[in-house]
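Asks: below is the sequence, then the predicted model.
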Amino acid sequence: MNFTPKGLLGAIAAVSIGAATLLGAGAGTAAASGGSHRAHCDRAERPVWSGDPSRNITARGCSVPSPGGKRWYRVEVDTLVERRHKTDYADSPVTGTSTKHDRTVRCMGFTKSGATVNWFGCMPY
């Protein structure tokens, strides 16, 4: 095998990019799962649009941690109500409702207005 300097440089670049990608993905997963804040909500509602749940959850009766430092919040919900909409519009008719108990979701952040907490960037846990 005869490696040219250009070919050798390309191979080194490919290996280093692959290693950086793997390390970055592992670090992101570790930060998301291991270092999250915990919160608890009595009741929450999440719309379901055309089969996919919304990334936003509106909740009440929440004990939320103080924001800071961490990127993900682990939210434990006693009662999660999902309203299924016919289309992807907020004023579309509701075709059904499902209630789930003792659910945990991960959310990127929240805003609070009085007793209502709006969680955003939520994924199933």
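Replies: Now that the structure is in, tell me what you want to look at.

Asks: show me where the protein has its helices.
Replies: 5-34 (DSSP state H).

Asks: so which residues of it form strands?
Replies: 37-49, 52-53, 57-63, 73-85, 94-107, 109-113, 116-120, 123-124 (DSSP state E).

Asks: could these be laid out in CSV, adding mean pLDDT?
Replies: As requested, the strands of the chain are exported to CSV (pLDDT from 0 to 100):
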stretch, mean pLDDT
strand 37-49, 91
strand 52-53, 84
strand 57-63, 93
strand 73-85, 92
strand 94-107, 91
strand 109-113, 91
strand 116-120, 94
strand 123-124, 77
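
Asks: want to try a markdown table for these, with mean neighbour count as columns?
Replies: For the C-beta atoms, the positions are set from N, CA and C on the backbone; glycine is no exception. Putting these into a markdown table (neighbours: other CB atoms under 10 Å) gives the following:
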| stretch | mean neighbour count |
| --- | --- |
| strand 37-49 | 18 |
| strand 52-53 | 12 |
| strand 57-63 | 18 |
| strand 73-85 | 19 |
| strand 94-107 | 13 |
| strand 109-113 | 13 |
| strand 116-120 | 18 |
| strand 123-124 | 10 |
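
Asks: contact partners for His40?
Replies: Cys62, Ser63, Val75, Glu76, Val77, Asp78 (CB atoms under 8 Å, 6 or more residues apart in numbering).
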